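In: What follows is a predicted protein model with its sequence.
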Amino acid sequence: MTALAVKGLNKSFGGLRVTTNVNLVVEPGERRLIIGPNGAGKTTLFNLITGELAPDGGAVLLFDRDITRLPSRNRAHLGMARTYQIITLFPRDTILRNATLALLGLSPLRWNPWLALHRQQDLLTQARAALGRVGLEHMADRPLAETSYGEKRRVEIAMALAQKPRVLLLDEPFAGLSIDERRDVRELLKAIPRDVTVVMIEHDMDTALDLADRITLLHFGEVIVEGTRAEVVADPRTREVYLGE
Amino acid sequence: MSPVSTRHVAIVVAIIALIVVPYAINQPYYVNIASQILLYAVFALGLNILVGYAGLVSLGHAGLSGAAAYSVAYLLAAGHGHVVAIVGGLTAGLVVTAGFAALALRATGISFIMITLALGEITWGLAYRWISITNGDNGISVSSRPAPFGLSLDSANAFYDATLIVFLLAVAVCAIFVRSPFGAALTGTRDQPRRMNALGFHVWMIRFWAFMFSGLLSSVSGILFIYYYEFISPPALALTSSAEVLLMVISGGAGTLLGPIVGASLVVIIKLVVSGLRFTVLSQSDFVNIMKFILNGLFQHWNFLLGAIFVLIVVFMPEGLVPGTVRLTRAAWREAERRNLLAWAATFTGQKS
């Protein structure tokens, strides 16, 4: 069984081919790093996997189940969670409310129009626990708009983890972070248990290299190299893509 | 006192005040105006669910309340009783709402506004042209008000009391709704629909049910409307009627419970009370006479006055009267505290701050 499989995926925006015959097989528990220069089609690939974009051709399989035509929301219920490269949170709400919404997304309670949300102790305890995992429990009641960029990044991760995903897609979790914050986030990602499969996009190879089991290098929407950390680093084509030789 | 109990006291005082109002006014004309404020407040609360909490601005809501009102009038004219008429009115309002929602929710933002506007105009056109049902331009008259539990609603005070009960129920239902998990999901779809979808929420369905709830309150206000005026004609469904309720929501403060109520009071009072005020221009001073003359002109052309007030609200409190007042009061409080602190510090240092 594979956790996530992408078969012959294609996507064009008008005349621009952003994803060209991409194949990807991620084993359960694996840590997969997807790298590539700007405009390589990494985030587009994520949007195709999560269903925010519909592919022109090819298939996406989650634990051997074809989910190509499934809406994003259903993929979340099947155990897929993602974070965004550009912070996509609820700025008017508190950090706790942000985490609560992540839990609510998978709970039947989300359709309930008469219970008081602030009295759902079970949900709130879980939300606080999720924030605790990223070290933000002490500021749970702070409005999101009053938090730093690094804290928002951690809220992104907390919300994805709160959903107890089987496959976690992280889109540049280190983007825009200071050196200290990078170290914290790396520790955080290292602590994710192995029953969660992690696929991570990272623009900057050095930061995330030691987190990865296998690495896929994308360039102009195509998979150029795939292999273990050492194989990809040693491959001359990696150098070519990154240094333009 | 803790803030919670202060709030409870305020609510109880407000309810008692609302119950006492007609006895305090004791003039049927003004009691009727109070009834109108309440029925428009129910309408504004309904529209606010979409505008304030779903972030979807509708310019066709008069079509929803109008559909309910016309259905009641039609059923009564056809010889049915009040129970059938009211149930039929609510059903018709909800069916039209579902149609509006199914068509308008294909879009958000400006496109959503334009679709609802077009749908509202269609219902207005139907009221105007489908003469066999609506009696066209002449409208439909209703000859009697219902008498729940044998209590006649014919007097101004009795109708006010019935409207007040419906209004308080509407406020309570809205208060419960916005604090619920579904309410949280709804504001989530307003602020970050893409994220909500990725989190597992059915964004379209959440908006659809919010639209239905909004349509339900609009239909209820439409039924109050038809029993209050005992008459309905096409202008009740026109774009200006939809825009008026939208202005109530926005001027009072969209996305707050109190805002639409304050907005409804503002619009109805200016429209019906201020427009009737006149000063007699007989003062000794020319200046006073000129000022009275100008004010009389403003009262007479109340639309102009209302427009000027909206401009002032947009300039000084773009978020609406209720949130704007809260913000300015807090700012003034902080400023006073700062000055007290400076004055206190000055007594220590012996210097002037």
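Out: Thanks, I have it.
In: Mind exporting the C-alpha coordinates of stretch B:204-212 to CSV?
Out: What follows is stretch B:204-212, C-alpha atoms only, in CSV (Å, rounded to 0.1, in the frame of the first residue of the first chain):
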residue,chain,number,x,y,z
TRP,B,204,-21.5,26.1,-0.5
MET,B,205,-23.8,24.2,1.8
ILE,B,206,-22.9,26.4,4.8
ARG,B,207,-23.7,29.5,2.8
PHE,B,208,-26.9,27.9,1.5
TRP,B,209,-28.3,27.2,5.0
ALA,B,210,-27.3,30.6,6.2
PHE,B,211,-29.2,32.0,3.2
MET,B,212,-32.2,29.9,4.2
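In: Could you list the buried residues of it?
Out: Within stretch B:204-212, the residues that qualify as buried by neighbour count (16 or more other Cβ atoms under 10 Å in any protein chain shown) are B:Ile206, B:Arg207, B:Phe208, B:Trp209, B:Ala210, B:Phe211. C-beta coordinates here come from the backbone N, C-alpha and C atoms, glycine included.
In: How about stretch A:228-245?
Out: Neighbour counts using 16+ other Cβ under 10 Å place A:Arg229, A:Val232, A:Asp235, A:Thr238, A:Val241 of stretch A:228-245 among the buried residues.
In: So among those, where is pLDDT lowest?
Out: Minimum pLDDT for the buried residues of stretch A:228-245 is recorded at A:Val241 (83).
In: Surely that residue is in a helix?
Out: Yes - counting by DSSP: H, G, I helix; E, B strand; the rest coil, A:Val241 is part of a helix.
In: ok, the nearest residue to it once chain neighbours are set aside - contacts?
Out: Spatial nearest neighbour of A:Val241, chain neighbours left out: A:His219 (4.9 Å); criterion: Cβ to Cβ, 6 or more residues apart in numbering or on different chains. For A:His219, the contacting residues are A:Gly36, A:Pro37, A:Ala40, A:Val241, by Cβ atoms under 8 Å, 6 or more residues apart in numbering or on different chains.
In: Next, work out how far apart A:His219 and A:Thr19 are.
Out: 12 Å (Cβ to Cβ, to the nearest Å).
In: after the helix or strand bottoming out on mean pLDDT in chain A comes which helix or strand?
Out: Across the helices and strands of chain A, mean pLDDT, DSSP states H and E gives its lowest value to helix A:205-208, namely a mean of 75. Toward the C-terminus, helix A:205-208 is succeeded by strand A:214-219 as the next helix or strand (DSSP states H and E).
In: name the element the residue positioned nearest the centre of chain B belongs to?
Out: Most central in chain B under Cα atoms, centre = their mean is B:Ala44, positioned 2.3 Å from the mean C-alpha point. Using DSSP H and E, B:Ala44 sits in helix B:28-48.
In: Of all the residues in that helix, which ones are buried?
Out: Within helix B:28-48, the residues that count as buried by 16+ other Cβ under 10 Å are B:30-48.
In: Helix or strand for the closest residue to the residue nearest to the centre of chain B other than its chain neighbours, just tell me which one.
Out: The shortest distance from B:Ala44 to any non-neighbouring residue, by Cβ to Cβ, 6+ apart, is to B:Pro260 (3.4 Å). For B:Pro260, the host element (DSSP H and E) is helix B:258-272.
In: May I see the buried residues of that helix?
Out: B:258-272.
In: With respect to B:Val13, which of the buried residues of stretch A:228-245 is nearest?
Out: Set against B:Val13, the nearest of the buried residues of stretch A:228-245 by Cβ to Cβ is A:Arg229 (69.2 Å).
In: shouldn't that closest one be in contact with A:Thr216?
Out: No - with contact defined as Cβ atoms under 8 Å, A:Arg229 does not reach A:Thr216; the gap is 11.5 Å.
In: Might you report the residue contacts of B:Thr116?
Out: B:Thr116 is in contact with B:Val57, B:Ser58, B:Leu59, B:Gly60, B:His61, B:Phe100, B:Ala104, counting by Cβ under 8 Å, 6+ apart.
In: I'd like to know which of these is nearest to chain A.
Out: B:Val57 (17.6 Å; Cβ to the nearest Cβ).
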